[in-house]
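Novice: heads up, no residue letters with this:
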DNA sequence: GAGCTTGTCACATAATGATGTGATATTTTT
DNA sequence: AAAAATATCACATCATTATGTGACAAGCTC
């Protein structure tokens, strides 16, 4: 029967590719639906072999796996991709995930976990090597830090800046928290002094955006 | 000898706590350095038993594991914490990780992976259940999406909004990209119409912040 | 207890922003 | 080829912000 999970492999190293392919072949839950040395034809290949899950190397000749994922996902958003690579730098990880990869395994621990990982993605999970997960979680936007505390604004000042950042006018802020318009002005003035800025937008940028892009 | 990894357990369900404790006791790489039914005294306990890794439930009487982690990490930042819980909602996950937890295991798959997970954190990794990892990666700030494209602003409009978001005044923007002040005004007006907002700050919030918090 | 920070309010003025009404040339879409 | 969208500029007016100066009570700090 054919409700085996169909797995395609993109890996330019022939030896490793063969190892990965045989792991898939020898399993009884998966079947191999293509093995390729580059991802130049990833869309065409996917059309032809319709895999459910793709194991994708990053460093391949002609076109990186990350670009491959990006193109693939634009056409086949439902196909799950697990990156399988030696790279563990923040940029590549981030770009791969942004491109649409669901999993990210380092080659050094992928062989043992490959089958589990494929099952994970089919079950709606995201198999990620623990060391990669740590990096993802340490990316500045994920920590939620680098935000409020660091400018030693008082709670009240932050409260007011948050309201302003949502687009409320001084008047609306004054109404919202029942203080006078002039008091709002005073707060804003103090905030400006502390942050060395001269407009709400600049203050908002400094406190809520700068470290998140 | 004593370079076993010291593991403490916080879990209010006595049965589960005993199971976890015995897994640790029976292993030959770890030793149990405390088991507790609540985390009210987490700092004191940690001072007394100095564990390397803590397995922490979230839902405990008196004080949630998340608050426990927050307090613990403020005093012992080097102690690794793995959340072990039934909850998989975005808020709890995010708050736990923000509080300083390194790993996040769902109880349903934690028993099998507990020992591996403890090793992972000691090796600098972040053991995260695949289904949790998926949720983390889908949080809007991690996708890098939800930003520009979605409001069908033109490139020029986005360019101007970006400059304004940094705190530049209309005048400065005009100077910066060599257009007239009135042209800036026109752009801003169009941006407002497209976004249905009435101030730079509100526009910035909608385009650059809203989905990132 | 003197000094500093914080939260609160008031008045005044100059600069900037928000909004309306046009207009023209170029590109893109239909 | 006509219609719609985009990039550019101008003038006018009212509302809102930015900034200065000043004040006072409560709380914390040394």
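Specialist: Structure's in. What do you need? Everything numeric in this text was worked out from a predicted model, so none of it was measured.

Novice: CA only for contacts and neighbour counts going forward, please
Specialist: Will do.

Novice: where along chain A do the strands fall?
Specialist: Using DSSP state E, the strands of chain A run over A:5-10, A:30-36, A:53-56, A:80-85, A:103-106.

Novice: list of residues touching the last one?
Specialist: Applying CA atoms under 8 Å, 6 or more residues apart in numbering or on different chains, the contact partners of strand A:103-106 are A:81-88, A:93, A:97, A:117, A:121, A:126-129, A:132.

Novice: could you pull up phi and psi at residue A:77?
Specialist: phi -70, psi -20 (degrees, to the nearest 10).

Novice: separation between it and residue A:68?
Specialist: Separation of residue A:77 from residue A:68 (CA to CA, to the nearest Å): 13 Å.

Novice: cool, and residue A:129?
Specialist: 21 Å.

Novice: the more surrounded of the two?
Specialist: Counted by other CA atoms under 10 Å in any protein chain shown, residue A:129 and residue A:68 do not tie: residue A:129 has more neighbours, with 25 against 22.

Novice: ok, the more buried one - contacts?
Specialist: Per CA under 8 Å, 6+ apart, neighbours of residue A:129: A:104-106, A:109, B:125, B:127.

Novice: quick one, what contacts the nearest residue to residue A:201 once chain neighbours are set aside?
Specialist: Leaving aside its sequence neighbours, residue A:201 sits nearest to residue B:167 (CA to CA, 6 or more residues apart in numbering or on different chains; 5.1 Å). If a contact means CA under 8 Å, 6+ apart, then residue B:167 has A:198-203, A:205 as its contacts.

Novice: quick check, nearest of the residues you listed to residue A:39?
Specialist: Set against residue A:39, the nearest of the contacts of residue B:167 by CA to CA is residue A:205 (39.9 Å).

Novice: and the closest residue in space to the closest one that isn't next to it in sequence, how far from DNA strand C?
Specialist: Nearest non-adjacent residue to residue A:205, counting by CA to CA, 6+ apart: residue B:166, 5.8 Å away. Using CA to the nearest atom of the strand, to the nearest Å, residue B:166 is found at 11 Å from DNA strand C.

Novice: for stretch A:70-78, which positions count as buried?
Specialist: A:70-73 (16 or more other CA atoms under 10 Å in any protein chain shown).

Novice: how far does it sit from its chain's centre?
Specialist: 16 Å (CA atoms, centre = their mean, to the nearest Å).

Novice: tell me the mean pLDDT over it?
Specialist: The average pLDDT for stretch A:70-78 rounds to 88.

Novice: ok, residues contacting that stretch?
Specialist: So stretch A:70-78 is contacted by A:42-43, A:52, A:79, A:99-100 (CA under 8 Å, 6+ apart).

Novice: isn't residue A:191 right up against residue A:157?
Specialist: Yes - with contacts counted by CA atoms under 8 Å, residue A:191 reaches residue A:157, the gap being 6.7 Å.

Novice: from the neighbour counts alone, determine which of the two ranks first.
Specialist: Neighbours per residue (other CA under 10 Å) separate residue A:191 from residue A:157, with residue A:191 holding more: 24 against 16.

Novice: and that one, what pLDDT?
Specialist: 88.

Novice: who are the contact partners of it?
Specialist: A:153, A:157, A:203.

Novice: just the ones of those in helices?
Specialist: The helices in this structure, assigned by DSSP state H, contain A:157, A:203 from the contacts of residue A:191.

Novice: may I see the contacts of residue A:191 organised as JSON lines, with distance to chain B added?
Specialist: Formatted as JSON lines, the contacts of residue A:191 follow (distance: CA to the nearest CA, whole Å):
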{"residue": "A:153", "distance to chain B": "19"}
{"residue": "A:157", "distance to chain B": "17"}
{"residue": "A:203", "distance to chain B": "8"}
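
Novice: and which of the contacts of residue A:191 is nearest residue A:33?
Specialist: Among the contacts of residue A:191, and counting by CA to CA, the member closest to residue A:33 is residue A:203, at 53.8 Å.

Novice: state the distance from the most centrally placed residue in chain A to DNA strand D.
Specialist: Ranked by distance to the mean C-alpha position of chain A (CA atoms, centre = their mean), the top residue is residue A:97 at 3.9 Å. Plainly put, residue A:97 is 29 Å away from DNA strand D if you go by CA to the nearest atom of the strand.
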